[in-house]
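> Quick one: sequence plus predicted model below, questions after.
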Amino acid sequence: MKIAIVGASGAVGQEFLTILNERTDFPVDELLLFGSQRSAGRTYPFRGREVKVQLLQHDDAFKGVDIALASAGAGTSKEFAQTITKYGTLMIDNSSAFRMDADVPLVVPEVNPSDALNAPRNIIANPNCTTIQMVVALNAIEKVSHIRRVHVATYQSASGGGAQAMAELRTQHAQIVAGEEPTVEKFAYQLAYNVIPHIDVFTDNDYTKEEMKMYNETRKIMHSDIEVSATCVRVPVMRAHSESIWVETERPVTPDEARKAFAGAEGVVLMDNPAEKVYPMPLFIAGKDPVYVGRIRRDLTSANGLVFWCVADQIKKGAALNAVQIAEWLIRNRK
């Protein structure tokens, strides 16, 4: 197959390269890399050879490409979607550009893979990172009892802001240790030694766009009337997002039922033995593929409530890996 990566020099683009290098059974006969003026001309190793980044422009470079994995931002995706797909290329887009469009499927392969078969615009949207890890976990509980509502607090690492955000966190720590004023460019405030309850812009209802993504995307992916109330917080962790999740189900789900459901769920690793200090943390999860779940317990405030904690690598499962898994599922199942 002929595969393209759009936004090859960014954090997610680099993760696409890493994952495709690791997954040697993913059929790549030819790989094309595309990027901005700033990254065009760079070369990256792929399966024993060097691949040069081409300038993304409105031309016929995508003719003959089977799948384009795109992570170059919503503006770029909107501008170049027609250029990418006009010859039949399937675009799996990591940006927010098309997620809520009725004619674009929003897919998490562990939850709604068959939605990917109906992509009339040759575009499949990759959900927001926080939504992906949450719905992978929620899907296990949904199979036991329908989930009515969710309250979630996220603890999102610097990697959610991209490579420059990760670099800024490193720089801030060094500057503070040196007694210097920390540089603040990517975040609303200094992130080092701080937490920021503000990710993306605020909307008219005082939720941020990030928080509303978790509401709207969850309902679309799960084909559900589920209600979601989120508070999204940036924390001074380099990589991997954590979420504290409260669910209310139609009937009570015991912690033992939940553990059994998580243990048998695709893409989930149960990591729940608090007496032995065994629970998921970014310290151990960064760079891993699955969604890790622990701290499972009954909600003391609700007869039908359950509480758990989940952690996943935002750049892997929260972005690049999910897109690659969509492609893999389609390769296996599309006729």
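Looks like it arrived, so ask away.

> Which segments of the protein make up each domain?
2-126+319-333, 131-314 (automatic domain parsing).

> Need the ones you listed in TSV (columns: mean neighbour count and mean pLDDT).
C-beta coordinates here come from the backbone N, C-alpha and C atoms, glycine included. Output for these, formatted as TSV (neighbours: other CB atoms under 10 Å; pLDDT from 0 to 100):
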stretch	mean neighbour count	mean pLDDT
domain 2-126+319-333	18	96
domain 131-314	18	97
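
> all strands of this protein, in order?
2-6, 30-35, 43-46, 49-55, 67-70, 90-93, 123-125, 147-156, 227-234, 241-249, 268-270, 291-298, 305-312 (DSSP state E).

> Please dump these into TSV; it should also carry distance to residue 131 for every row.
Shown next, in TSV, are these (distance: least, CB to CB, whole Å):
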stretch	distance to residue 131
strand 2-6	22
strand 30-35	26
strand 43-46	29
strand 49-55	29
strand 67-70	18
strand 90-93	15
strand 123-125	11
strand 147-156	10
strand 227-234	9
strand 241-249	10
strand 268-270	15
strand 291-298	12
strand 305-312	11
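
> Which among the ones you listed is found nearest to residue 182?
Nearest to residue 182 among the strands of the chain is strand 227-234; the distance by CB to CB comes to 14.6 Å.

> Of all the strands of the chain, which one is nearest residue 102?
Between residue 102 and the strands of the chain, the tightest spacing by CB to CB is seen for strand 123-125, at 11.5 Å.

> now the helices: where do they sit in the stretch 51-200 of the chain?
All helices of the stretch 51-200 of the chain, identified by DSSP state H, counting those that start in this stretch, fall at 74-85, 129-142, 163-177.

> Which of those sits closest to residue 272?
helix 129-142 (12.0 Å).

> how far is that closest one from where the chain is centred?
Between the centre of helix 129-142 and the centre of its host chain there is 11 Å, according to CA atoms, centre = their mean, to the nearest Å.

> among the strands of the chain, which is nearest residue 261?
Distance to residue 261, taken as CB to CB, is lowest for strand 268-270 among the strands of the chain, at 8.7 Å.

> which stretches of the stretch 201-335 of the chain form helices?
Under the criterion DSSP H, counting those that start in this stretch, helices of the stretch 201-335 of the chain are mapped to 209-222, 255-263, 282-285, 321-333.

> Turn the ones you listed into a markdown table, including distance to residue 301.
Formatted as a markdown table, those follow (distance: least, CB to CB, whole Å):
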| stretch | distance to residue 301 |
| --- | --- |
| helix 209-222 | 21 |
| helix 255-263 | 15 |
| helix 282-285 | 27 |
| helix 321-333 | 33 |
